[in-house]
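# Have a look at this fold, sequence not included:
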């Protein structure tokens with residue numbers, strides 16, 4: 001339970017203080033273990049105003065070990081008035097400890113958190129997600145989400161990923 005508390009403190013600190021992720025990770029006992037890059041599958045976005053979903057294909061790079069994931073992302077509760085294309089997300093993967101299983105698809109699971117996106121031609125957004133089942137991972141925005149289109153969205157975001165077939 002203490003590890004989850006540390007991850008939540010780190011997420012809030014990154015979102016509200018703007019301090020560098022590495023500085024906060026060291027302070028809270030978390031370890032950056034890799035980078036997760038996800039791309040939305042073209043034509044898979046379904047937007048229902050208060051809920052939206054899209055299929056994703058993700059690649060996790062942990063110091064040279066590459067794992068592939070597939071799943072779904074979107075806003076579970078909020079407002080999504082956007083029509084986006086070419087969506088990409090990059091996350092720094094933060095673990096409660098450095099005891100992770102490279103190559104074992106340890107990131108598979110459900111993540112929830114906040115999202116805010118604005119698009120007018122070229123768009124930007126940010127997400128901060130925690131979860132991952134028993135593995136206690138946190139997904140910090142490494143770079144801004146990028147997309148093209150029109151609109152704005154915000155609310156409770158989710159990412160469900162599993163080992164790609």
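Great, that's in hand. In this text, all values refer to a predicted model and were calculated from it rather than measured experimentally. Numbers count the residues shown, from 1 in each chain.

# In stretch 41-59, which residues are buried?
For stretch 41-59, burial by neighbour count (16 or more other CB atoms under 10 Å) applies to 45, 47, 51, 52, 53, 54, 55, 56, 57, 58. From N, CA and C alone the C-beta is placed, and that goes for glycine too.

# From start to finish, how long is that stretch in a straight line?
Stretch 41-59 has an end-to-end distance of 13 Å (CA to CA, to the nearest Å).

# Poorly predicted segments of this protein, please.
The model of the chain has pLDDT under 70 over residues 1-30, 97-104, 132-136, 141-145.

# all helices of it, in order?
2-17, 21-28 (DSSP state H).

# so how far is residue 71 from the residue lying farthest from the centre of the chain?
Most distant from the centre of the chain: residue 121, at 22.6 Å, with distances by CA atoms, centre = their mean. According to CB to CB, to the nearest Å, residue 121 and residue 71 sit 28 Å apart.

# what's the answer for residue 82, then?
20 Å.

# Which positions within stretch 115-128 qualify as buried?
115, 116, 117, 119, 123, 125, 126, 127, 128.
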